[in-house]
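# sequence and predicted structure are below.
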Amino acid sequence: MTQVLSNFIKALRAADVRVSTAETIDAAGALEMVGFDERPLLKHALSQVLAKSVDDKQRFDDCFETFFSPIEVGDNGQADAGTPTGNESDFDNSGDGGTPGDGGAPGGGGDDDSLMALLERGDAAALQQAMANAAREVQLQNIRIFTQRGMYMRRILENMGIEAFDDALYQTVKADDNDPRGEGLRQLKARLIEDVAELVDKQMLLYTANSGQRLREEVLQKTPLGRVEMRDFKVMHELVRKLAKRLVSLHSRRRSVSRRGQLDVRQTIRRNIEYDGLMFDTVWKRVRVDRPKVIAVCDVSGSVAQVARFLLLFLYSVSEVIPKVRAFAFSNQLGEVTDLFKSLPVEQALTETLNTWGMGSTDYGGALSELERLTIDDIDHRTTVLMLGDARSNYGDPGDRALRRIHNRARRVLWLNPEPRPFWNSGDSEMQKLGSCCDRVEPCRTLRHLEQVISEIARTAI
Amino acid sequence: MSAAQQSPARQGITDMLAGLGNSGYIASEAIATVVYLAQALSKPVLVEGPPGVGKTELAYAASQLLEKPLIRLQCYEGLDEAKALYEWKYGKQLLYTQVLKEKLGDLMAGTQGLRESIDRLHEFDDTFFNEEFLEPRPLLKALWAENGAVLLIDEIDKSDQEFEAFLLELLQDYQISIPEIGTVKAKIPPLVFLTSNNTREIGDALKRRCLHLYIPFPDSKLEQSIIESRVPELEQRLRQQLVAFVQSLRGLDLKKVPAVSETIDWARTLLLLHAPELDNQLVRSTLNVLLKFQDDIEHVDAEIPALTRAANKHG
């Protein structure tokens, strides 16, 4: 029983349902109550103990269906279609001893339970049992990559006693090449191999469903944003959201940390009752600290556009900790896109932004003075100005004077440059001039960089 | 095990379903299972689901079924332990000290010097900080209940994260530490229900300690039996039409889809109006019972004839 449960939990974890040890113990407790007899009951009970959110429940359901579903053997399993529980191979294999399938152990054991006899009898239930036992013997649950499929299939077949079967088959055919029994046996063997392949595939699906996905996500986090391909956008968006969620939970706790303010009389009296009302311990009314204001200005021309896409996506995904974001986009002209992001879903707003503002060559001078005109009244000591661009001004006015005036009013100005450091200041890049008007200049090439920058904003803004 | 010979768990759950039904709560099998498990494993239950599917109602029904008092704690931002757990009765303490002032002279009689007086006072140390002067709030009440209780912690997502952390001790060990008195342990662990509308993500630590139940909108069969139980006077034909209508309404893109509580309200409204069956006029004039946003009402208005026609086929 515990073996089945721990295998199931392993499968759940592979499907990205987080199951703690404490929950495993609870599940064992619940399992003892409800037993394996009734499938819906088992499903409800385990789902309530193990899956703790709506998403998890969905994944749990899928996983449960695959894990506790029968592999149909022999004559399409119609032999035992009558009993609901007889179908589930994993159920049956829960009994630790004394089950008829013991004959499936190495060597093929007793005469009646040999693979040959089972196949010829067409005893689907016993065959299934033998298969499940063999799978347990060879520890099929440890399968990780698809190249292991063949190996595990071979081992299971050997464990079921395929060698003895092959010998018998050989003897039969050798004795008489046209013996109909030989042809029948060959067919039986082919079908058996198919069944075993299905079993192995199912197990692999269960235990490795997400590992490929995880690897891909890991790689994508380190890929320069400019080089992420269109087909990976969906995964990237998902990934940004995941990272954003992490940042939100990290920083929303911190947000409620208080500063000293007015004395809270009621709380103070309450707290000091233990000192007979002498005010030893003072309690201060907590002042909720202002949330940060962010003005994000993105160069959306050419190569930078891609990075801008993810920066904006990220910024709007953490709206719980950074609720006030004004976004501007520019190439040769600058415009505010805040309303666009408020009214449309983020992906749509992104496309719209890139289409409207993304044409034309960059004009930093014009864009920055326009930015100054639009926002200077809104910038105060709480505002973080986030510039994203490669600072390539096409040999025009870099706009450093306007940026300096903004810098003088703002809490800080951060410049994110998607180019690697050695390229800065080469050709028409005005990084040095513009950088001198910023508090910090950071390269911003991958999702990792983005995460660090945004985490920094959320943290130091408190 | 044969089908005829039921396992104790199956028996318990069947009883639970019937019992909840008697208290006027038509439960799905998942709901009955969770209540049964919660009792058997003595674990709290975290109930999530869209508003109006009967999360709070479940706790009421369970308390009726188990014949235990229901103690309800409504959560809100800024809820602290003084309001949730206990408070000292300051007034009573002050009054008693005033009244007992005269007694002080008698008590102190015969003591010599400060030290001896203090020693004498020490003998009465805990007089003012014992359970006499303690005002129990819901959580403490639930722990003190003689025959156990059903504790409902409603809308836990509305409370602060600190309060959530504070609940952990209670949920795990059914005990709570009060600095002046010590640890209070429940005589009989109460059955705890926590409800959440998911306005914020509940912490993992809390989730880990609870069984998790998600109540979705009921399917049409279940919803019909709920209406039957709550508004038994309604004719069967109209009931079928009404449920079919609401079910198809849930498929539309609305700001707030009607929940079970709204279906019940609507059923009562139709009963009050002596409506024989659904028609466009009737639906239009009573739609504000089901939908709570003007945008939604306008959006649905055009679809009413089609929806009514489809619903009437069920009648």
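All right, it came through fine. Only a predicted model underlies this, so the values are computations on that prediction, with no experimental measurement involved.

# point out where the chain drops to low pLDDT.
The chain I'm using is chain A. Filtered on pLDDT under 70, chain A yields the residue ranges A:1, A:70-113, A:209-210, A:212, A:226, A:249-261, A:286-292, A:303, A:319-321, A:460-462.

# not what I meant, chain B
Chain B contains residues with pLDDT under 70 at B:1-5, B:125, B:315.

# let me see the domain layout of it.
Listed by automatic domain parsing, the domain ranges of chain B are B:8-84+B:137-214, B:88-133, B:220-314.

# would you mind finding the most buried of the ones you listed?
domain B:8-84+B:137-214 (a mean of 19; mean count of other C-beta atoms under 10 Å in any protein chain shown). To be clear about C-beta, it is placed using only N, CA and C from the backbone, and glycine gets the same treatment.

# the domains of chain B into TSV, with extra columns for distance to chain A?
Supplementary listing: the domains of chain B in TSV, determined by distance: least, C-beta to the nearest C-beta, whole Å:
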stretch	distance to chain A
domain B:8-84+B:137-214	4
domain B:88-133	6
domain B:220-314	14
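
# got CSV for these, with distance to A:Ala14 too?
Shown next, in CSV, are the domains of chain B (distance: least, C-beta to C-beta, whole Å):
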stretch, distance to A:Ala14
domain B:8-84+B:137-214, 19
domain B:88-133, 52
domain B:220-314, 33
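
# what's the closest of those domains to A:Phe310?
Closest to A:Phe310 of the domains of chain B is domain B:8-84+B:137-214 (C-beta to C-beta; 23.5 Å).

# which is the succeeding secondary structure element to the longest helix along chain B?
The residue-count maximum for a helix in chain B (DSSP state H) belongs to helix B:90-108. For helix B:90-108, the succeeding helix or strand toward the C-terminus, using DSSP states H and E, is helix B:113-122.

# strands along chain B, start to end?
Per DSSP state E, chain B carries strands over the ranges B:45-48, B:70-74, B:86-88, B:134-136, B:150-154, B:175-178, B:182-185, B:191-196, B:211-214.

# sheet-wise, list the partners of the third one with their directions.
Pointing back at strand B:86-88 there. Paired strands of strand B:86-88, with direction, are strand B:134-136 (antiparallel) (DSSP bridges).

# what does the strand it pairs with contact?
Applying C-beta atoms under 8 Å, 6 or more residues apart in numbering or on different chains, the contact partners of strand B:134-136 are B:Tyr86, B:Glu87, B:Trp88, B:Lys89, B:Leu140, B:Trp144, B:Ile178, B:Ile181.

# at 10 Å instead, please
Outside strand B:134-136, the residues that touch it by C-beta atoms under 10 Å, 6 or more residues apart in numbering or on different chains are B:71, B:82, B:85-90, B:92, B:140, B:142-145, B:178, B:180-181, B:184.

# would you check that B:Leu213 makes contact with B:Phe193?
Yes. The pair B:Leu213 and B:Phe193 qualifies as a contact (C-beta atoms under 10 Å) at a distance of 9.1 Å.

# identify the contacts common to those two.
Residues touching both B:Leu213 and B:Phe193 (C-beta under 10 Å, 6+ apart): B:Val34, B:Val35, B:Ala38, B:Val45, B:Leu46, B:Val47, B:Lys55, B:Leu58.

# max pairwise distance over those residues: which two?
B:Ala38 and B:Lys55 (14.1 Å).

# for residue 239, which non-adjacent residue is spatially closest?
I went with chain A, as the question did not name one. Closest residue to A:Leu239 apart from its sequence neighbours, by C-beta to C-beta, 6 or more residues apart in numbering or on different chains: A:Glu217 at 5.5 Å.

# wait, chain B was what I had in mind.
B:Ile227 (5.3 Å).
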